[in-house]
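**Q** whatever this is, show me its structure:
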Amino acid sequence: MTIREDEAAIVREVFDRCLKGRSPSAIALGLHKRHITTDYGKEWLQGTVRALFDSQHVAGIRMHRGEEVGPGKWPAIIEPGVVERWFAELTCRKPRRSAHRSVIELERDIRGWINEWNKNPRPFVWTKTADDILDTLAAYCT
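**A** Next up is the predicted model:
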């Protein structure tokens, strides 16, 4: 199997943007605005981005029925550590999208989130200035 570097660059960009906090919707919209299509010539959608995240084959990992069975016979596009970091990030986001039926369930998810985050802690990086944030708040409150 040969990797097409132009497609691999897009895959790397998608993972990089996600790890920097961009949502699958925002990533798909950005690719669409740049007229970048999937390898099948289709438009990138939120579901397409999510499917890419769920796929381990981009890390050169062979899967069978949801279980890792070993290395693939193809080169990795994404380093396995990046994929592991993505799955850790996904785990960290779970409390935000879960429905909890009790305080105990919520607490268990929050503690799980903290444990996962602490395995690979990193500082929060502000992407807006304080003035930008205050302007947004002022517009929201008026």
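
**Q** only C-alpha atoms for contact and neighbour calcs from this point on.
**A** OK.

**Q** now the element after the worst-scoring helix or strand of the chain on mean pLDDT, going C-ward?
**A** When the helices and strands of the chain are compared on mean pLDDT, DSSP states H and E, helix 80-97 comes out lowest with a mean of 62. Downstream of helix 80-97, the first helix or strand assigned by DSSP states H and E is helix 103-119.

**Q** look at the residue nearest to Asp39 when sequence neighbours are not counted and give its secondary structure.
**A** Residue nearest to Asp39 in three dimensions, not counting chain neighbours: Glu7, with 7.0 Å by CA to CA, 6 or more residues apart in numbering. With DSSP: H, G, I helix; E, B strand; the rest coil as the basis, Glu7 sits in helix.

**Q** so Glu7 versus Asp135, what's the distance?
**A** 39 Å (CA to CA, to the nearest Å).

**Q** looking at those two, which one has more neighbours?
**A** Glu7 (15 against 12; other CA atoms under 10 Å).

**Q** can you read off the pLDDT for that one?
**A** On the pLDDT scale, Glu7 is placed at 87.

**Q** for it, give its distance to Glu68.
**A** Distance from Glu7 to Glu68, by CA to CA: 24 Å.

**Q** quick one: Phe53 and Arg17 touch, right?
**A** No. Checked against CA atoms under 8 Å, the pair Phe53 and Arg17 is beyond contact range at 11.7 Å.

**Q** looking at those two, which is more packed in?
**A** Remark: of Phe53 and Arg17, Phe53 carries more neighbours, 20 against 14, as counted by other CA under 10 Å.

**Q** what's the end-to-end length of stretch 42-61?
**A** 25 Å.

**Q** what comes up buried for it?
**A** Using 16 or more other CA atoms under 10 Å as the test for burial, stretch 42-61 gives 43-45, 48-49, 53, 56-61.

**Q** and which of those is nearest to Glu107?
**A** Nearest to Glu107, judged by CA to CA, of the buried residues of stretch 42-61 is Phe53 at 26.7 Å.

**Q** give me the pLDDT value at the closest one.
**A** Phe53 is given a pLDDT of 74.

**Q** quick one on the thing from earlier: okay, the buried residues of stretch 42-61 in TSV with secondary structure and distance to Ser23 next?
**A** Listed next are the buried residues of stretch 42-61 as TSV, based on DSSP: H, G, I helix; E, B strand; the rest coil; distance: CA to CA, whole Å:
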residue	secondary structure	distance to Ser23
Glu43	strand	17
Trp44	coil	13
Leu45	coil	11
Thr48	helix	12
Val49	helix	9
Phe53	helix	12
Gln56	coil	19
His57	helix	21
Val58	helix	19
Ala59	helix	21
Gly60	coil	24
Ile61	strand	24
